[in-house]
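Chemist: with the input below, show me the fold.
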Amino acid sequence: MLIDILWIVFLLALGVQLFYILIIFGRISFFYRNKISPSQENQEGVTVIVSAHNEKENLKKLIPALCKQDYPNFDVMIINDRSNDGTKSLLEEMMSKYPKLRTVTIKYTPDHVTSKKYALTLGIKVAKNDVLLLTDADCLPCSDNWITLMTAPIRDQGKAFALGFSQYSKGKGMLNSWIQFETLWTGLQYISFALWKSPFMGVGRNLSYRKSFFMEKKAFKGLWHIDCGDDDLFINLYATGKNTAVVVDPQSITISNPKTSWKSYFRQKKRHFHAGKYYKSGDKQKIGMYSFTHLLFWSVGISLLILMGKEQNWEHFAMILGIIIARSLLLTSVFASARKKLEGKSNMFWAGFFDLMYIAYFWIVGAFGYQSKKVRWK
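Modeler: The predicted structure is shown next:
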């Protein structure tokens, strides 16, 4: 009786998993073709927005990369948010070298708001152009066509949001490999659901929208009290299937510096999971359904393998093991194809191992982040 129940649960979980992997995540991997063809006629002005707190060393690399973008009509706004590392002097020096560079200095943050949202709001208010392109100080655009590609849905298609992908630079060690996997997995989720006209998040490291849209929604109204979510919660609140587009092109991505210790990484992810508790109920359900059946598939599958081994039922043992391996190979194929389209490379040999590791990560780190009462930006 117990084995029969386990078989039913295992097959039901498998069915849901295959639906997500093939139908939802497989959309970008197997069926999506890039439709973005930026118009050469519509060269509406763009303002690149960067909020920086004590990011002097990163800004030395970022500002030259931004100012050499191959787009005829843009400026760069660096929001100096309470920095005390010499950022102000650096910006004054670089403004004489780069005419496109502009700055705003934030000297304090009011008690009732969160620092990054406050800095972004003040910077956006004085932005020169209506089309905004946001990134972080520790990011670098992957090509000189970044502005052109990322703002095309806003300028040419009248979209409210353009969601881009941001990867982390490759390094050595287990932590970096895990970060590569988890970042791609997160991107695969929010891009896939956006392609299915059901967007639920994006990342502020690579995001475009209009200043007029931001001001119309009264900036971060309803989100000021939350210590994170200047990107994903804003998108979750206002993005729809009609007003949101994704940009899938290796030349449109940004590259960030990854965390180098597990402690700092878990602190960062705790903040990200904390924002997830404020998502719309439907969005939490569609993410949760995959994660729940993911847990069931592996836990019940392993349980069945143990039981079949004890009973020496090698025929069923081989069948269960074959199903597990087949799902892992399918998932690896989806990841590899998605990575090829997003990053221009497809090596994903470690996807099967990290897929199993993701269960503990999601349910343990996610639980801590979800239950935490307060997180900080910087």
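Chemist: list the contacts of stretch 315-322.
Modeler: By Cβ atoms under 8 Å, 6 or more residues apart in numbering, the residues outside stretch 315-322 that reach it are 10, 301, 304-305, 308-309. In this view, the C-beta of every residue, glycine as well, is placed from N, C-alpha and C.
Chemist: can you lay out those residues as TSV showing neighbour count?
Modeler: Compiled in TSV, the contacts of stretch 315-322 are given as follows (neighbours: other Cβ atoms under 10 Å):
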residue	neighbour count
10	21
301	20
304	23
305	16
308	19
309	12
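Chemist: among those, which lie within helices?
Modeler: Counting by DSSP state H, the contacts of stretch 315-322 place 10, 301, 304-305, 308-309 in helices.
Chemist: farthest pair within those residues?
Modeler: For the ones in helices among the contacts of stretch 315-322, the maximum inter-member distance is 15.3 Å, found between 10 and 309 (Cβ to Cβ).
Chemist: ok, residue 350 - how many residues close by?
Modeler: Using other Cβ atoms under 10 Å, residue 350 has 16 other residues around it.
Chemist: and what of residue 88?
Modeler: By other Cβ under 10 Å, the residues close to residue 88 number 14.
Chemist: just give the nearest non-adjacent residue to it, would you?
Modeler: Spatially, and ignoring its direct neighbours in sequence, residue 88 is nearest to residue 80 (5.9 Å; Cβ to Cβ, 6 or more residues apart in numbering).
Chemist: distance-wise, check that neighbour relative to residue 139.
Modeler: With distances taken as Cβ to Cβ, to the nearest Å, residue 80 is found 17 Å from residue 139.
Chemist: thinking again about what came up before, I'd like the contacts of stretch 315-322 laid out as TSV, including distance to residue 212.
Modeler: Formatted as TSV, the contacts of stretch 315-322 follow (distance: Cβ to Cβ, whole Å):
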residue	distance to residue 212
10	51
301	51
304	56
305	57
308	62
309	63
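Chemist: show me the shaky parts of the stretch 1-150 of the chain.
Modeler: Residue ranges of the stretch 1-150 of the chain with pLDDT under 70: 34-41.
Chemist: could you give me the buried positions within stretch 23-34?
Modeler: Buried residues in stretch 23-34, counting neighbours by 16 or more other Cβ atoms under 10 Å, are found at 24-29, 32.
Chemist: hmm, I was thinking of stretch 327-345
Modeler: In stretch 327-345, the ones that count as buried by 16+ other Cβ under 10 Å are 327, 331-339, 341-343.
Chemist: for the residues you listed, give me CSV that also has distance to residue 167, pLDDT and secondary structure.
Modeler: Shown next, in CSV, are the buried residues of stretch 327-345 (distance: Cβ to Cβ, whole Å; pLDDT from 0 to 100; DSSP: H, G, I helix; E, B strand; the rest coil):
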residue, distance to residue 167, pLDDT, secondary structure
327, 25, 95, helix
331, 19, 93, helix
332, 18, 91, helix
333, 20, 91, helix
334, 17, 92, helix
335, 13, 91, helix
336, 15, 90, helix
337, 16, 90, helix
338, 12, 90, helix
339, 9, 90, helix
341, 13, 90, helix
342, 8, 90, helix
343, 6, 88, helix
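Chemist: need the max-distance pair from the residues you listed.
Modeler: Maximum pairwise distance among these (Cβ to Cβ): 23.6 Å, between 327 and 343.
Chemist: residues contacting residue 135?
Modeler: By Cβ under 8 Å, 6+ apart, the contact list for residue 135 reads 48-50, 141, 166, 204-207, 254.
Chemist: for it, phi and psi?
Modeler: phi -150, psi 180 (degrees, to the nearest 10).
Chemist: look up how far residue 309 lies from it.
Modeler: Separation of residue 135 from residue 309 (Cβ to Cβ): 51 Å.
Chemist: with residue 110 instead?
Modeler: Counting by Cβ to Cβ - residue 110 and residue 309 are separated by 62 Å.
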